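*Asks:* need the 3D shape of this:
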Amino acid sequence: MTSYLGKSLQTVLLLTVFFAVPAASAEEAPPAELTPEQEMAIKLELSRYAVLGQQQILNLTEQATDEYTGTLADSEPNMPSAWMLLEDGVTVKRINIDEQAKEAPAQIRILMYRAALKSVARHGKIHGSVILYTGKIREGSDDEALVIEFEHRLGISGNKVVPYQAENGQVTYGEPVTTEKPFQIFHDSKPEANTAN
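*Replies:* Numbering: from 1, shown residues only. Here you go, the predicted structure:
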């Protein structure tokens, strides 16, 4: 059974192909231009996907953060964790690499999570991913931050850095800062253009 997202993407692709690719003819007629109504319909459909992707990333991030917050309050070192949004667009599943990464430091675990998520994403089994880990806000500072790497199949990719404090088993979060990041899970980022001649 194809998910709603899959059906909708198929519709946009079919509309784009139908309206943008001219019918083959013996005289090679020039491509037909889209009418303003057709352009508006395509833009409207694409904007629906952008909103859907943002909503799914927000839900995925919120659920992952809720689960991860408990580890911030205990005295044990915080290890990275990862979650994925399955192809149904609703189900969130945590990834467990504890058996494979018994003695691996946090940096290696992050790389292992990225590789696992990329493998699943390339087979079309997930729509979104998040990796959560902690770090110092600045070198030499005791201030901690939660880092959330997030990515969605529909072209959303970023890092959210959230300062936090853990006292008496309670975690309080500060104001987050979100930045774009290169794609690592769903798409290959384009290499920087070499401008030197």
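*Asks:* please make it C-alpha for all contacts and neighbour counts, starting now.
*Replies:* OK.
*Asks:* which stretches of the protein form helices?
*Replies:* Assigned by DSSP state H, the helices in the chain fall at 4-20, 36-73, 106-122.
*Asks:* leaving out chain neighbours, which residue sits closest to the residue most central in space within the chain?
*Replies:* Computing the C-alpha centroid of the chain and ranking residues by CA atoms, centre = their mean puts residue 151 first, at 1.2 Å. Counting by CA to CA, 6 or more residues apart in numbering, the nearest residue to residue 151 once its immediate chain neighbours are dropped is residue 157, at 4.3 Å.
*Asks:* leaving out chain neighbours, which residue sits closest to residue 158?
*Replies:* Among residues not flanking residue 158 along the chain, residue 180 sits closest, at 4.1 Å (CA to CA, 6+ apart).
*Asks:* please read the previous query as pertaining to residue 74.
*Replies:* Excluding the flanking residues, the one nearest residue 74 by CA to CA, 6+ apart is residue 169, at 6.7 Å.
*Asks:* and residue 129, bridged to which residues?
*Replies:* Beta bridges link residue 129 to residue 84, residue 151 when assigned by DSSP bridges.
*Asks:* so what pLDDT did residue 144 get?
*Replies:* pLDDT, residue 144: 90.
*Asks:* what does the one 3 residues further on give?
*Replies:* On the pLDDT scale, residue 147 is placed at 96.
*Asks:* contacts only, for it.
*Replies:* 132, 133, 134, 135, 159, 160, 161, 162 (CA atoms under 8 Å, 6 or more residues apart in numbering).
*Asks:* and the residue nearest to it when sequence neighbours are not counted, how many neighbours?
*Replies:* Leaving out its chain neighbours, the residue that sits closest to residue 147 by CA to CA, 6+ apart is residue 161, at 4.6 Å. Residues within reach of residue 161, counting by other CA atoms under 10 Å, total 23.
*Asks:* residue 161 contacts residue 146, correct?
*Replies:* Yes - the pair residue 161 and residue 146 passes the contact test of CA atoms under 8 Å, sitting 5.7 Å apart.
*Asks:* in stretch 73-84, what's buried?
*Replies:* Within stretch 73-84, the residues scored as buried using 16 or more other CA atoms under 10 Å are 73, 78, 79, 80, 81, 82, 83, 84.
*Asks:* from these, which single one is nearest residue 103?
*Replies:* residue 79 (11.2 Å; CA to CA).
*Asks:* circling back to that earlier point, neighbours around the residue nearest to residue 74, how many?
*Replies:* Counted with other CA under 10 Å, residue 169 comes out at 11.
*Asks:* neighbours of residue 90, how many?
*Replies:* By the criterion of other CA under 10 Å, residue 90 has 12 neighbours.
*Asks:* against residue 54, how distant is it?
*Replies:* For residue 90, the distance to residue 54 equals 13 Å [CA to CA, to the nearest Å].
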